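# Next comes the sequence, and after it the predicted model I'd like to discuss.
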Amino acid sequence: MMNHTESLRPGGVPPMPLTSGNRYTPCGLPAAVTVILLAMAGGPMTGCATTPVAGKPAAETQAAQPAAPAPAAAARADDALPKVNLTSELLFRLMLAEIAVQRGESGPAYSEFMIVAKQTRDPRLARRAAEVAINARALSQAMDAADLWFHLAPQDNEAEQSYSSLLVANGQHAKARPLLQRQIAAAANPIEILDRLQRVLAHAPEPAQGYALLDSLAGPYYGSPATGFDAHLIAARAARVAGDNAAAVAQARAALAARPDSELAVMSVAQLLIESGAGPAAPNAPADAARSAGGGKDAGTAAHAEAVAMLGTFLAAHPDASEVRQAYARLLVGEGRLDEGRQQFEELLRRSPQAPDPLFALGVLALEAEHFDVARGYLERYLAAVGPAPDRDLDLVYMNMARVAEGQRQFDEALGWLRKVKGAEQAEGARERQAFLLGRMNRVEEGLDLLRQMPSTTPEQRSQSIMAQGQLLRDAHRYEESYHLLDGALHDSPDDTGLLYESAMSAERLDRIDLMEARLRHLLQLRPDYAHAYNALGYSLADRNIRLQEAYQLIDHALTLAPDDGFIVDSMGWVQFRLGNLAAARESLTRAFQLKADPDVAAHLGEVLWASGDHSRARELLLDARRRDGDSDTLRDTLQRLKIQP
């Protein structure tokens, strides 16, 4: 079962980017190199210009790459250059250095440029040496060259900014501080300098010292209405890079206080609260999550709850804030609050009917609820909205379309969608799904062969392959084989939570309740927030009509961890039925079927309706479930026991 939050983002786009509005484009060079390459000056050596600083339109911000010098300025610069005769020997050495650059021989080229720069005292050659060193990722040598360049041209702002940038990149903050202070004080837009400094610090050693440097330089600008918002957000980014979560949250809160209506600020605070370690535990459902579709939630996550509440409050005051609404919806889904998350995505779609992201999210949520027709509609609209986009990763969409087709028993169509998956990230999942489809088509051995061909170089890969094979064998009613395969793997990895869960499920099919319970309780010692395990144990007891009070307590605890999980709500309805509470059972099972229109859930609801005397409704529900998916053992048993025929 995939993480709900991840599953709602095709392409894996981060839900709440903590930026100041800038998108740095590396122009083909490695990020660390390009950022450092005169990042403070943004001169012609980079070949790039940065985009606007936070909250300011492009027209209001000064581009990182300065315009070419005016003719008079260029003339003054030429007057400051040393008078050097271009002898044949000098020309030869310069040509030799440039040829070395073209051949990729950075060391000889750098040495030659530095020697000639020192001999001629020409700052242009020192600058060229710095450029060669940066492109070779030799930051120490680049700093030496920039030092020479700056001292040969002390009035050249570009030289000073490049030198200070490389000092920072090499962790020499004390030497950089006075230069940076002078640059920021002289700048028409000090925020731009602080922003560029933070980008350099993000790739520099000693991030904690880097944050301290930036915080001290930004200090004079925190209190100004014109600069406080941006300065605090930049400092929040720097603190985040330094791993100082408390400082990052405090800086982001200060930015929000300076501009309470800022979407960027409220999303930054929310993201930092979650990153501080307060988010709900990511679901890690095993391959057979047939009764555990939700995710666990850490009940003590006050910061996460604050983030959710903060976004909700902001939306109440700013209902048009679509980015905030999307982030809020994803957080709700990540918490297992699926109905509330769905409502937020529906509101996004109402406001923008062709917006791809809510179409995809609503398709996935409908698919999780097994409303396959609805899911198909949303996902087809998504594909139409994005169109033929070669640069867009559609693998996750193809995977979900395959699940829709499988749910509608269109197995050949499902295989066709899975064959469209090309990316490495989804390739293993697609192969695993193909194997299960082959199993449903009574081609179990082909499916097992496909799973055995999966990569198995790491313990995690081996475990995943074994778990998938175990589930496929279990689905084929080959319970003994499934159990022995999983049990053997568990001997090698006794604390593997996935293997513990899977082997427990296979033991349950063999009616080895003692083994099932022992393994689930071991799993819960390792992962006390694992809602699936509480639910599996509680449901197994309730289904056998034993230890019903204990079963109720286990399922009730699972519900506190995943309140909108359709299978867990179903288990609560089933234990209520076993306890004789027909009204409560009917209420829970009706809600469970709304959350998850699964044939097992339909079987339970149909039985409770029948026991309540509503035979007509029970018959209609059960026969409809059989038409949609007749493979469920629970559904077949219920139809036979109640003697319901078409």
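Received it, and whenever you're ready, just let me know what you need.
# Only alpha carbons, please: show stretch 191-200 as CSV.
Listed in CSV are the C-alpha atoms of stretch 191-200, where the atom choice follows Å, rounded to 0.1, in the frame of the first residue of the first chain:
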residue,chain,number,x,y,z
ILE,A,191,17.8,41.0,0.4
GLU,A,192,19.2,39.9,-2.9
ILE,A,193,22.7,39.7,-1.5
LEU,A,194,21.4,37.7,1.6
ASP,A,195,19.5,35.4,-0.6
ARG,A,196,22.5,34.6,-2.8
LEU,A,197,24.7,34.2,0.3
GLN,A,198,22.2,31.6,1.7
ARG,A,199,22.5,29.6,-1.6
VAL,A,200,26.2,29.5,-1.3
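# Can you check the pLDDT for Q576?
Looking at Q576, its pLDDT is 97.
# Run a quick check on it versus T590, I expect a contact.
No. Assessed by CB atoms under 8 Å, Q576 is found out of contact with T590, at 11.9 Å. Just so you know, the C-beta spots here come from the backbone N, C-alpha and C atoms, and that holds for glycine as well.
# Compare those two (neighbour count), which wins?
Q576 (23 against 16; other CB atoms under 10 Å).
# who are the neighbours in contact with that one?
Y552, L582, A584, A585, S588 (CB atoms under 8 Å, 6 or more residues apart in numbering).
# With adjacent residues omitted, what lies nearest to it?
A585 (3.9 Å; CB to CB, 6 or more residues apart in numbering).
# For that neighbour, identify the helix or strand it belongs to.
Per DSSP states H and E: A585 is located in helix 582-595.
# any idea how far A145 is from L90?
For A145, the distance to L90 equals 18 Å [CB to CB, to the nearest Å].
# Kindly report the same for S164.
Counting by CB to CB, the gap from S164 to L90 is 30 Å.
# Between those two, which has more neighbouring residues?
S164 (27 against 15).
# in the chain, what secondary structure element scores lowest on mean pLDDT?
Taking mean pLDDT, DSSP states H and E as the measure, the chain has helix 31-36 as its least confident helix or strand, at a mean of 29.
# which regions of the chain sit below the pLDDT cut-off?
1-80, 277-301 (pLDDT under 70).
# hmm, back to that, figure out how far the helix holding A585 is from the centre of its chain.
Once both centres are worked out by CA atoms, centre = their mean, to the nearest Å, helix 582-595 turns out to sit 34 Å from its chain's centre.
# cool, and stretch 428-448?
Put simply, stretch 428-448 sits 28 Å off its chain's centre (CA atoms, centre = their mean).
# any idea how far Q119 lies from L315?
On the measure of CB to CB, Q119 and L315 end up 66 Å apart.
# So for the two, which residue has more residues nearby?
A side-by-side neighbour count of Q119 and L315, using other CB under 10 Å, places L315 first with 20 against 12.
# got a list of what that one touches?
Counting by CB under 8 Å, 6+ apart, L315 touches A321, V324, R325, Y328.
# And the residues you listed, which is closest to A238?
Closest to A238 out of the contacts of L315 is V324 (23.7 Å), distances taken as CB to CB.
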